[in-house]
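[1] take a look and give me a structure for this.
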Amino acid sequence: ESLANRFSTLGIIGITALQNITNSAINAGKRIVSALTIDPIKTGFQEYETKMNAITTILTNTKSKGATLDDVNKALNELNTYADKTIYNFSEMTRNIGTFTAAGVDLKTSVTSIKGIANLAAGSGSSAQQASVAMYQLSQALASGSVKLQDWNSVVNAGMGGELFQNALKDSAKELGIFVNEAKPFRETLKDGWLTTEVLTKTLGRFAEDKSLLQAATQVKTFTQLFDTMKESVQSGWAVSWENIIGDKDEAAEMLTGISDAFNEVVGKSADARNEML
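    Here you go, the predicted model:
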């Protein structure tokens, strides 16, 4: 009887464990389906608004160089296409292109530099988040005119400061006729100020066209990357849908400002009438 009770208890435990596993699998399935169907509607809208805000920033920083709204839209569409093909997030890239243009880099060079950093990150085994950190830090370095040791430390912490990047930067400097004292460690040479905006953007442009690095950026190596890439693709589709519904920067501004003005007029009259009565 005691043995029978034990088997009964084990059976109950086994059934409970199977039920828990089944429930977990069902819940995971629901989350996956939601992430690829319902959630992208919201995140696509957020991506659309991020793009609209970025357009304003980019236009402000590049209008003096002759950039138009069409130029900015084309540049962002190029980045969006790149993001859909790779493991990187368009929203993060959009934010960072704003910091590049704010640093005085022209629109075309900014797009190429962003793609170059992303490709380098992929070739270095860095994550999308690490790539974003490196993009931001390098944009700050560009604003100051050259990459300093503090800037380079951030690149190293992002896992992207290895020999591949170092050698490519030295080669670009030599091509531009800039002397690099290779007798000293790389970190110490940065004090000489040779790693200028021109050297950096030239190197990143080379990385943007590097086929082996681009292949590394497009290869999906983990289930997490696969899931993120799938979500990014669906999300980008919804971002385009929202732009078709609401409009581009100028169209959205005209429509939403009109709605705001009409609402404020109605509310204002109501408030005036209430306050007069009071």
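
[2] output the helix or strand hosting residue 48 in CSV with nothing but the alpha carbons.
    Taking DSSP states H and E as the criterion, residue 48 maps to helix 39-62. This file holds the C-alpha atoms of helix 39-62, laid out as CSV (Å, rounded to 0.1, in the frame of the first residue of the first chain):
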residue,chain,number,x,y,z
ASP,A,39,2.8,44.4,-31.0
PRO,A,40,4.4,45.6,-34.3
ILE,A,41,1.4,47.8,-34.8
LYS,A,42,2.4,49.8,-31.7
THR,A,43,6.1,49.5,-32.2
GLY,A,44,5.7,50.4,-35.8
PHE,A,45,3.9,53.6,-34.8
GLN,A,46,6.8,54.4,-32.3
GLU,A,47,9.3,53.8,-35.2
TYR,A,48,7.3,56.2,-37.4
GLU,A,49,7.3,58.9,-34.7
THR,A,50,11.1,58.3,-34.1
LYS,A,51,11.6,58.8,-37.8
MET,A,52,9.6,62.0,-37.9
ASN,A,53,11.5,63.5,-34.9
ALA,A,54,14.8,62.4,-36.5
ILE,A,55,13.9,64.1,-39.8
THR,A,56,13.4,67.4,-38.0
THR,A,57,16.8,67.1,-36.3
ILE,A,58,18.6,66.0,-39.5
LEU,A,59,17.1,68.7,-41.6
THR,A,60,18.1,71.3,-39.1
ASN,A,61,21.7,70.1,-39.1
THR,A,62,22.0,69.5,-42.9
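
[3] contacts for that helix, please.
    Helix 39-62 has contacts (C-beta atoms under 8 Å, 6 or more residues apart in numbering) with 67, 69, 71-73, 75-76, 90-91, 94-95, 97-98, 101-102, 104, 106-107, 231, 234-239, 241-243, 246, 249, 252. Heads up, the C-betas are built off the backbone N, CA and C, glycines and all.

[4] just the buried subset of the residues you listed, written out for ChimeraX, thanks.
    This is how ChimeraX selects the buried members of these, with burial counted by 16 or more other C-beta atoms under 10 Å:
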select :67,71,72,75,76,90,91,94,95,97,98,101,102,106,107,231,234,235,236,238,239,242,243,249,252
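
[5] what mean pLDDT does the following helix or strand past the helix holding residue 48 get?
    The first helix or strand that comes after helix 39-62 along the chain, using DSSP H and E, is helix 69-85. Average pLDDT, helix 69-85: 86.

[6] now for helix 69-85, which elements pack on it?
    helix 39-62, helix 90-102, helix 107-124, helix 223-246 (3 or more C-beta pairs under 8 Å, 6 or more residues apart in numbering; DSSP states H and E).
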